[in-house]
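Asks: Provide a 3D model corresponding to the input given below.
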Amino acid sequence: MIESNNPEINVDELMHKICEEVVKRRVPCEQIDLQSNLDTSKLKLSISYIENFLKNAESRSGVRTKWPDKLNIFPFNFSTKLQKLILKIINFLFKDEREVNFNIISSLKESVALNYQLIEQITTLKAQVDTRIQGLDECLVNVDTRIQGLDKRLVNVDTHIQALDERLVNVDTSIQGIEDSLNAIDTLINNWLTGLQEGLDTMNMQVQYLDEHLSTVDARVGKLNEHLITTDNRIITADTRIQEINERYIRNDSYLKNDLIQQKHLITVFLEEARKCLPENFSQEQLQTLVNENTHFFDAFYVAFEDQFRGSRQDILNRLKVYLPLIAGAKIGKPESPILDVGCGRGEWLELLQEAGYTARGLDINRLMIQQCKARGLEVIEKDALSYLQSLPDSSLGAVTGFHIIEHLPFEDLLKLFGEAARVIKTGGLVIFETPNPQNVLVGSCSFYYDPTHRNPLPFLTIEYIAQYYGFSHVQILKLNPSEQNRVADNSELTQRFNEYFYGSMDYAVIGFKS
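Replies: Residues are numbered from 1 along each chain as shown. Have a look, this model is predicted:
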C-alpha cells in the first residue's frame, strides 16, 4: 500500500516511469501483430509454381529413349538405328550432368516439403500468437484501467501531500514557538539551579555540623547502650536468681506441706491404733499396720530428692521418647496387651504412652508420687512390684518397663523381677529396664551414690546375661545420655578411651523380647 504521507514520493517521476513501462509493453505487441499479418496462401502458390518447374526439370533430366520430335523438322531424317545410337552417345556423354541434375531436383523437392511443413507450423504459430495478442490486449485494457486508477490515487496523494506541506509549515511555526518557550524555561531553570546550589552548599555545611554533633551523640548513646546492656544482664541474672530462689522456696514449701501431711497421717494412724488397744496390748495386725505406715516415712523426702537430682519433668520426657519406636515396632500397648511400668515415679513414661494412645498403668509405693500421677489422669496402683506381678496370670502383659528401679532392689528380688516379667509378658512382648551405667567412671564411683537408696552399680554385661538367662531373646544394650561436659579434644586412641570412660553414656537400658 502506498504511504500517502511519504514526503519522498515524486509524483512526476512516478508517472514518467509508468508511461515508459506501458510503451515497453506495447512495442513488442505491435511488432508481433505486424509479423502475424503474413499471407501463407501466397507462399503456397509460389511453392506450387516451383514444384511445376521441378517436375519439368525431372522429366527432362531422365535417360533419353525417344528421338525428340523437334528434330524431325529437318529435311533429312536419321534412320531409327542411327537415332538410337545418337541417343546412347548423348546419354553416355551427359551421364554426369544427369546425375547432378537428379540430386539437385531431389534436394529441391525435399526443400519444398520442408517449406510446406514450415508453412503449417507458421499457421499454427500464427494462431497461437493471435490468441496471445488477444490476451495481451485484454491485459493492456486492465493496465490502462489500473493506470487510470493510479492517476486518480496519485491526484489524491498529491492533494494529501499538499495538505501535509501546509501542516508541516504550521508545525514548523509551532516548533519555533516551543523553542522560544524552552529557551525562556532554560533561563529560568538555570537561575533556579544557581539559587538551589547556593542553598545546598549552606545545607551541606549545616549537615556536616549535624554529623559531627551526631557522632558525639552516637558515642554517648553507645556508652549508654553498654551501660544498659550491663544493667539488663544484671537484672536478668537477678531475675534468674530470684526465680530459682522462688522455685526453691515453693518446692521446699511443698515438701514441708507434704511431709507435714504425711506425718499427720502417720500420727493419726498411730493414735487410732493406740486407742484401739488401750488399756490392752497391741495385736500383731496393729503392729504390722504401724510398720507398713513407717515405710512411708521418707516419701516426702524422696520426692524432694528426685526433684533435685533426677532432672526436670520435661528433660525426662525428652529422654524417654527414644523408647516409643520399640513399643510401636512390637505392636503392643493395646487393651489386650497393656504396658506395666514398675516404679513409675512421677509418671513421665506413663504420660508419653498415654499421649501416644497406648494402654498402660504404673506401680509405685510412694504415696506422694502416686498422688501426682493421679492428678495428671494416669492409672497407677500403690503396690509392691513383685507382689503385683505374682498376682497376674501368665502372658497377660505386652511389656514390663522400669526406669531407674532395678538398682534399688536386692539381688534376689532382681532375679525374681526378671523371672516374673518373663512369665507375664506375651509372646512378641518386651522388657525394658534403664539403670545408671557404671562403665562411666564418674557415675560408677560418684553420682551413683547420690541416691542413698541405691544398692550396687549393675554392669550392663551382668544385666544382659540375666535377661538371656530368663529366656529373653534378641537382648540388646542401649547406651544413653552422654555426659554434657566438654570432652578432651584429641583423636588418639588413649584420648578416645578416656572420653568414653569419663564422659560416655551415663545410663543404659537392657531390652529383651519374648519369643
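Asks: so where's the stretch 151-300 of the chain shaky on pLDDT?
Replies: Along the stretch 151-300 of the chain, segments meeting pLDDT under 70 span 246-298, 300.
Asks: Next: the chain.
Replies: Counting by pLDDT under 70, the chain has low-confidence residues at 1-40, 49, 54, 56-65, 67-79, 83, 246-298, 300, 302.
Asks: How is it partitioned into domains?
Replies: 11-174, 310-514 (automatic domain parsing).
Asks: and those as TSV, adding distance to Gln206 and mean neighbour count?
Replies: The way it works is simple: take the backbone N, C-alpha and C, and place the C-beta from them, glycine included. Below are these laid out as TSV (distance: least, Cβ to Cβ, whole Å; neighbours: other Cβ atoms under 10 Å):
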stretch	distance to Gln206	mean neighbour count
domain 11-174	46	12
domain 310-514	57	17
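Asks: Which of those domains sits closest to Asp218?
Replies: domain 310-514 (39.5 Å; Cβ to Cβ).
Asks: centre of the chain versus that closest one, how much separation?
Replies: 47 Å (Cα atoms, centre = their mean, to the nearest Å).
Asks: and what of stretch 210-229?
Replies: 49 Å.
Asks: now swap in stretch 202-222 and tell me
Replies: 51 Å.
Asks: Contact partners for the residue lying closest to Glu348 once chain neighbours are set aside?
Replies: Computed as Cβ to Cβ, 6 or more residues apart in numbering, the closest residue to Glu348 that is not its neighbour in sequence is Ile316, at 4.3 Å. Ile316 is in contact with 310, 346, 348, counting by Cβ atoms under 8 Å, 6 or more residues apart in numbering.
Asks: How is the second one assigned, secondary-structure-wise?
Replies: For Arg346, the reduced secondary structure class is coil; criterion used: DSSP: H, G, I helix; E, B strand; the rest coil.
Asks: if we can go back for a sec, and the residue nearest to Glu348, what element?
Replies: helix 313-320 (DSSP states H and E).
Asks: swap in Val400?
Replies: strand 397-403.
Asks: Contacts for the helix or strand that comes right after that strand next, please.
Replies: Later in the chain than strand 397-403, the nearest helix or strand by DSSP H and E is helix 411-424. With contact meaning Cβ under 8 Å, 6+ apart, helix 411-424 is reached by 340, 342, 385-386, 389-390, 392-397, 400, 402, 406, 409, 431, 456, 466-467, 469-472, 514.
Asks: Please list the members of those that lie in strands.
Replies: Per DSSP state E, strands hold the following members of the contacts of helix 411-424: 340, 342, 397, 400, 402, 431, 472, 514.
Asks: Let me have the residues you listed in JSON lines, adding distance to Leu478 as columns.
Replies: Output for the ones in strands among the contacts of helix 411-424, formatted as JSON lines (distance: Cβ to Cβ, whole Å):
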{"residue": "Leu340", "distance to Leu478": "20"}
{"residue": "Val342", "distance to Leu478": "18"}
{"residue": "Leu397", "distance to Leu478": "21"}
{"residue": "Val400", "distance to Leu478": "16"}
{"residue": "Gly402", "distance to Leu478": "14"}
{"residue": "Val431", "distance to Leu478": "13"}
{"residue": "Phe472", "distance to Leu478": "14"}
{"residue": "Lys514", "distance to Leu478": "18"}
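Asks: From those, pick the one nearest Thr237.
Replies: For the ones in strands among the contacts of helix 411-424, the nearest to Thr237 is Gly402 (40.3 Å; Cβ to Cβ).
Asks: Name the nearest residue to the closest one, sequence neighbours excluded.
Replies: Nearest to Gly402 is Val342, by Cβ to Cβ, 6+ apart, at 4.5 Å.
Asks: Fine by me, we can end here.
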